[in-house]
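S.K.: sequence-free structure coming up:
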């Protein structure tokens with residue numbers, strides 16, 4: 001499963017991060033680990049592959 005997160009930063013810009021794992025929970029943990037302290041996750045999209 002691949003999940004893509006839309007993130008925003010303290011200056012108001014948007015970016016996208018993706019993570020891939022066997023389960024949603026594993027992919028979500030990877031996505032959370034990719035977030036920097038000034039980023040906030042606002043949307044998660046799932047793609048089954």
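M.R.: Done, it's in. Bear in mind that the values here come from a model prediction, so they are computed numbers and not experimental data.
S.K.: chain center to the helix-or-strand element of the chain with minimal mean pLDDT, what's the gap?
M.R.: Least confident helix or strand, the chain: strand 39-47 with a mean of 94, by mean pLDDT, DSSP states H and E. Chain-centre distance of strand 39-47: 5 Å, with C-alpha atoms, centre = their mean, to the nearest Å.
S.K.: packing partners for that strand?
M.R.: On a contact count with 3 or more C-beta pairs under 8 Å, 6 or more residues apart in numbering; DSSP states H and E, strand 39-47 meets strand 2-9, helix 24-34. All C-beta atoms are positioned from the backbone trio N, CA, C, and that covers glycine.
S.K.: switch to 7 Å and redo it
M.R.: Contacts defined by 3 or more C-beta pairs under 7 Å, 6 or more residues apart in numbering; DSSP states H and E place strand 39-47 against strand 2-9.
S.K.: between the strand it packs on and strand 39-47, how big is the angle?
M.R.: 160 degrees (axes from the mean of the first three to the mean of the last three C-alpha atoms, to 10 degrees).
S.K.: quick one: buried residues of strand 2-9?
M.R.: For strand 2-9, a neighbour-count test (16 or more other C-beta atoms under 10 Å) marks 3-5, 7 as buried.
S.K.: Direction included, what does it pair up with?
M.R.: Strand pairing for strand 2-9, using DSSP bridges, gives strand 14-20 (antiparallel), strand 39-47 (antiparallel).
S.K.: Deepest-packed of those strands, please.
M.R.: Among the strands paired with strand 2-9, strand 14-20 has the highest mean neighbour count (mean count of other C-beta atoms under 10 Å), at a mean of 14.
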